[in-house]
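> Predicted model and sequence below, questions to follow.
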Amino acid sequence: MTKSIMVQGTMSNAGKSILAAGLCRVFKQDGYRVAPFKAQNMALNSFITSEGLEMGRAQVVQAEAAGMEPSVLMNPILLKPTNDTGSQVIVNGEVLGQYSARDYFAMKRQLIPDVQKAYDKLSERADIIVIEGAGSPAEINLKDDDVFVNMGMAKMAKSPVLLVGDIDRGGVFAQLLGTVELLDPEERAMVKGVVINKFRGDESILTPGIKMLEDLIHIPVVGVVPYLHLDIDDEDSLSERLTNKEADLIDIAVIRVPRLSNFTDFRSLEAVAGVSVRYVENTAQLGAPDMIILPGTKNTMKDLLWLRQNGLEARIKSFAAAGGPVFGICGGYQMLGEHLSDPYGVEEGGEIRGIGLLPVSTVFSQQKTRTRVDGTFGKMEGLFAGLTGHPFEGYEIHMGETESASPVVGVRDSVTGTSRLDGCQAGNVYGCYIHGVLDADEVAGTIIRTLAEKKGIDPAMLGKISGEEHKQQQYDLLAQSLRDHMDIPLIYKILQEGV
């Protein structure tokens with residue numbers, strides 16, 4: 001009989017995703033088949049499975065920690081916001097449609113069978129399922145519609161709940177007490193432990209408060225987890241990765257467009273000591289980087305207008321004119337072209353001129369491209385000529401079709417087995433559709449070494465490129481932190497007893 005435990009939070013960014021990943025790793029280390037599950041995820045960072053289906057990135061991280069291949073069964077519903085009031089709704093890895101928040105709430109009960117089916121199928125593959133909630137279970141205006149997000153999912157899975165509060169943002173005792181008090185009696189009985197997360201300082205100072213909290217809510221505090229400094233992908237829009245940093249020896253500026261998606265594309269660059277990857281939102285923050293990256297976006301046309309209006313487009317063009325390297329991925333690649341057309345109103349409708357640094361044009365189509373790929377850089381010129389012949393793996397998620405006058409990468413579709421050309425280069429400006437194209441150690445290493453040599457810096461002064469071994473080490477460090485700071489025997493007892 002598959003056991004489950006659910007991690008819910010008092011708010012967004014309380015640390016649910018990372019703690020769920022850590023529990024997945026702990027259970028895996030202890031010899032269990034373990035799988036993550038999140039019924040409904042809202043994120044612009046997504047991933048394409050080996051079947052060509054789309055799912056949230058957090059469950060991919062958790063699956064990696066669990067030693068399982070990512071599957072859409074782990075995230076049957078993904079919401080990708082396109083504006084402040086609407087999202088693209090993806091069910092079982094495929095686009096269901098574009099919905100306003102009101103319309104989605106009106107129809108979401110129809111998706112209960114999809115969630116139940118996904119959970120039941122996943123249960124056949126695992127001894128333990130670690131379920132993640134979303135936001136807070138105490139949003140009293142939304143509780144009637146919580147059919148599979150927080151307590152609705154806990155009831156569906158008959159799962160005990162761990163409630164996580166974020167002490168770093170302050171008011172953790174009020175967070176935890178208030179959340180518990182706003183739950184119905186049946187829901188409150190399902191909360192079997194609470195966790196204080198992101199703690200900095202002397203834990204003994206917390207002891208009186210912990211005792212008072214336990215006396216008030218009659219639920220044990222099962223852990224005080226310190227603020228962890230680990231190199232693990234974070235899909236949340238509140239991620240600290242996106243805060244502007246100080247420039248390092250090698251300074252790479254990623255333009256933080258308002259609808260930024262898949263910023264996990266740059267983790268291989270971020271992980272190298274001596275390299276700063278700064279997410280910049282205006283010309284003052286841009287400074288004088290060694291390289292500019294235009295990332296993916298959920299709304300290329302609207303974010304291109306944002307670039308144009310705040311002056312970043314002009315700075316990018318002058319940077320490129322001076323020989324500075326610019327790299328666009330997916331939506332960023334589309335922006336770098338000469339022309340974008342949206343005849344079906346997929347984004348904004350109409351037409352718009354691009355930045356004009358690459359001889360490509362894009363037409364948005366109603367059909368979404370969604371696949372995994374591998375390939376090789378073709379004959380590259382300019383600053384990054386050293387990329388020639390390097391292999392890569394990645395995935396594509398986009399609505400547009402881009403016509404390139406000079407494609408520079410050969411791509412094999414891993415789902416269909418077909419081959420084609422992609423991308424474009426003009427001088428030191430490069431672009432392609434492939435998320436993850438920079439992940440390979442050889443690719444990231446070539447870019448960093450080239451930038452260092454151009455700047456007169458000995459590449460030996462920089463850290464090593466982090467690969468798969470580094471990633472697995474980080475998951476092990478996360479698991480050890482939870483073993484050190486959470487009552488794992490009590491968590492196993494909660495698992496066994498259920499609700």
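Alright, I've got the coordinates. Numbering: from 1, shown residues only.

> When you work out contacts or count neighbours from here on, use the C-alpha atoms and nothing else.
Fine.

> Can you name the element that comes right after the lengthiest helix in the chain?
Longest helix in the chain by number of residues (criterion: DSSP state H): helix 468-485. Following helix 468-485 in sequence order, the next helix or strand is helix 488-497 (DSSP states H and E).

> elements contacting that next one?
Here helix 488-497 touches strand 3-9, going by 3 or more C-alpha pairs under 8 Å, 6 or more residues apart in numbering; DSSP states H and E.

> Compute the inter-axis angle for the strand it packs on and helix 488-497.
Angle of strand 3-9 versus helix 488-497, following axes from the mean of the first three to the mean of the last three C-alpha atoms, to 10 degrees, is 120 degrees.

> Direction included, what does strand 3-9 pair against?
Sheet pairing here is set by DSSP bridges, and for strand 3-9 it gives strand 128-132 (parallel), strand 161-166 (parallel).

> Could you dump those into a markdown table and include mean neighbour count and mean pLDDT?
What follows is the strands paired with strand 3-9, written out as a markdown table (neighbours: other C-alpha atoms under 10 Å; pLDDT from 0 to 100):
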| stretch | mean neighbour count | mean pLDDT |
| --- | --- | --- |
| strand 128-132 | 27 | 98 |
| strand 161-166 | 27 | 98 |
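
> still on that earlier bit, what's the angle between the longest helix of the chain and helix 488-497?
Computed by the same axes, to 10 degrees, the angle between helix 468-485 and helix 488-497 is 90 degrees.

> Please report how far residue 155 lies from residue 108.
17 Å (C-alpha to C-alpha, to the nearest Å).

> nope, residue 162 is what I was after
With C-alpha to C-alpha as the criterion, residue 162 and residue 108 are 25 Å apart.

> Buried residues, the helix or strand harbouring residue 279. List them.
Secondary structure assignment for residue 279, by DSSP H and E: strand 275-280. Neighbour counts using 16 or more other C-alpha atoms under 10 Å place 275-280 of strand 275-280 among the buried residues.

> Over the lengthiest strand in the chain, what's the mean pLDDT, rounded is fine.
Longest strand of the chain, by residue count under DSSP state E: strand 360-377. In this model, strand 360-377 has an average pLDDT of 93.

> what's the answer for stretch 60-67, then?
Stretch 60-67 carries an average pLDDT of 96.

> I'd assumed residue 364 was in contact with residue 348.
No. Counting by C-alpha atoms under 8 Å, residue 364 is not a contact partner of residue 348; they are 10.1 Å apart.

> Neighbour count for the two, which is higher?
residue 364 (21 against 15; other C-alpha atoms under 10 Å).

> Which pLDDT value goes with residue 471?
86.

> Around it, how many other residues sit close by?
17.

> Wait, it touches residue 232, no?
Yes. Using C-alpha under 8 Å, residue 471 makes contact with residue 232 at a distance of 7.3 Å.

> Quick check: mean pLDDT of stretch 175-193?
Computed over stretch 175-193, the mean pLDDT rounds to 96.

> Buried residues, that stretch. List them.
175-177, 179-180, 183, 187-188, 190-193.

> can you check stretch 107-119 too?
By 16+ other C-alpha under 10 Å, the buried positions in stretch 107-119 come out as 114-116, 118-119.

> Ok, stretch 251-265 next?
Those would be 251-257, 259-265, for stretch 251-265 by 16+ other C-alpha under 10 Å.

> Show me which pair in the residues you listed is furthest apart.
Using C-alpha to C-alpha, the pair of those lying farthest apart is 251 and 259, separated by 22.9 Å.

> still on that earlier bit, what residues are shared contacts of residue 348 and residue 364?
Listed as contacting both residue 348 and residue 364 by C-alpha atoms under 8 Å, 6 or more residues apart in numbering are residue 342.

> per-domain residue ranges of the chain.
Here the domain parsing of the chain from automatic domain parsing is 3-231+472-497, 240-465.

> contact partners of the helix or strand of the chain with the lowest mean pLDDT?
Sorting the helices and strands of the chain by mean pLDDT, DSSP states H and E puts helix 267-270 at the bottom, at a mean of 87. Applying C-alpha under 8 Å, 6+ apart, the contact partners of helix 267-270 are 233, 275-277, 438-441, 444, 448, 465-467.

> closest to residue 11 out of the strands paired with strand 3-9?
strand 161-166 (7.6 Å).

> Tell me how far the closest one lies from the chain's centre.
21 Å (C-alpha atoms, centre = their mean, to the nearest Å).

> For that strand, which outside residues touch it?
Taking C-alpha under 8 Å, 6+ apart as the rule, strand 161-166 contacts 5-11, 14-16, 154, 172-173, 175-176, 190-199.

> hey, where'd the strands end up in the stretch 1-150 of the chain?
For the stretch 1-150 of the chain, applying DSSP state E, counting those that start in this stretch gives strands covering 3-9, 34-37, 40-42, 46-48, 54-56, 77-81, 86-91, 94-100, 128-132.

> Tell me which stretches of the stretch 301-450 of the chain form helices.
Here the stretch 301-450 of the chain has its helices, by DSSP state H, counting those that start in this stretch, at 312-321, 331-336, 441-454.

> Would you mind finding the most buried of those?
helix 331-336 (a mean of 30; mean count of other C-alpha atoms under 10 Å).

> What ranges in the stretch 351-499 of the chain fall below the confidence cut-off?
466 (pLDDT under 70).

> what does the stretch 101-250 of the chain give?
234-244.

> switch to 80 and redo it
Scanning the stretch 101-250 of the chain for pLDDT under 80 picks out the ranges 233-245.

> which residues in it form helices?
Under DSSP H, counting those that start in this stretch, the stretch 101-250 of the chain gives helices at 101-107, 112-123, 151-157, 172-182, 185-188, 207-217.

> quick one: which of these is nearest residue 333?
Between the helices of the stretch 101-250 of the chain, helix 101-107 lies closest to residue 333; by C-alpha to C-alpha that is 29.6 Å.

> just to revisit the earlier point, any chance of the strands of the stretch 1-150 of the chain in JSON lines, plus distance to residue 353?
As requested, the strands of the stretch 1-150 of the chain are arranged in JSON lines below (distance: least, C-alpha to C-alpha, whole Å):
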{"stretch": "strand 3-9", "distance to residue 353": "44"}
{"stretch": "strand 34-37", "distance to residue 353": "42"}
{"stretch": "strand 40-42", "distance to residue 353": "31"}
{"stretch": "strand 46-48", "distance to residue 353": "28"}
{"stretch": "strand 54-56", "distance to residue 353": "30"}
{"stretch": "strand 77-81", "distance to residue 353": "24"}
{"stretch": "strand 86-91", "distance to residue 353": "25"}
{"stretch": "strand 94-100", "distance to residue 353": "25"}
{"stretch": "strand 128-132", "distance to residue 353": "42"}
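
> Fine by me, thanks again.
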